[in-house]
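1. structural data only, the sequence is not supplied:
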């Protein structure tokens, strides 16, 4: 008697479902990044208000979030490597993840230098400190809008393409604020090492804004990709 064995055919996840899953993972990453930038902004604000202990607490929180983001990044890359061959837009998602990680790198570098600036017992005037704090919160605001734009991809790609304009407007305002802050600090009569350190901090915070614009271009690609 001939026994017929029927092969078990497992359903293959379609490309749209894989794209949706990768997008959800990227959104989780964006959420963590926003939390990192929020803690960075609070470090700047605490230093501006001479809250040394609070600044250290926020720095510790930021480091924990960064560690979480590193684990998540590795998980996403593994996920893309294992199932991404089904996805024609795989490289777009990988590029998005690597751009996100650049934000983390700059935030970590800025946070480390901020703590060193504080421990160096250098002081800047109240109005200059407030201007620096305002600058950091402008970058936080751009990051919030960036996250909202990424999440809008869940509902309406056309809406996401409209929302990118808000991020670009934020970046333009941040660029102007950076120029003004540079001039303010040049007249602050800080010691040269302190001036170089604070300008390096500002540059790294501004880099976060610039990377946001790169991410906006990637979001456009995701929105129009099949």
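-> Nice, I can see it. From a predicted model like this one, the values you see are computed outputs, not experimental measurements.
2. residue contacts, residue 142?
-> Each residue near residue 142 by C-beta atoms under 8 Å, 6 or more residues apart in numbering is listed here: 167, 170-171, 174, 209, 212. For the C-beta atoms, the positions are set from N, CA and C on the backbone; glycine is no exception.
3. which one of these sits in the busiest neighbourhood?
-> For these, the largest neighbour count, defined by other C-beta atoms under 10 Å, is 26 neighbours, found at residue 209.
4. identify the residue spatially nearest to that one, adjacent ones excluded.
-> Leaving aside its sequence neighbours, residue 209 sits nearest to residue 174 (C-beta to C-beta, 6 or more residues apart in numbering; 4.6 Å).
5. and residue 160, how far is that from residue 80?
-> Distance, residue 160 to residue 80, using C-beta to C-beta, to the nearest Å: 21 Å.
6. run the chain-centre distance for the helix or strand of the chain with the lowest mean pLDDT.
-> Ranking every helix and strand in the chain by mean pLDDT, DSSP states H and E puts helix 157-186 at the bottom, with a mean of 90. What separates the centre of helix 157-186 from the centre of its chain is 14 Å, taken as C-alpha atoms, centre = their mean, to the nearest Å.
7. can you check stretch 99-117 too?
-> Remark: stretch 99-117 is offset 10 Å from the chain centroid, using C-alpha atoms, centre = their mean.
8. what comes into contact with it?
-> With C-beta under 8 Å, 6+ apart, stretch 99-117 has contacts from 26, 29-30, 33, 36-37, 39-40, 43-44, 47, 55-56, 59, 62-63, 66, 69-70, 73, 143, 194, 197-198, 200-201, 204-205, 207-208, 211-212, 214-215, 218.
9. residue contacts, residue 141?
-> By C-beta under 8 Å, 6+ apart, the residues touching residue 141 are residue 170.
10. for the host helix or strand of it, buried residues please.
-> For residue 141, the enclosing helix or strand under DSSP states H and E is helix 126-152. Within helix 126-152, the residues scored as buried using 16 or more other C-beta atoms under 10 Å are 128-129, 131-133, 135-147, 149-152.
11. tell me the angle it makes with helix 157-186.
-> Put simply, helix 126-152 runs at 170 degrees to helix 157-186, going by axes from the mean of the first three to the mean of the last three C-alpha atoms, to 10 degrees.
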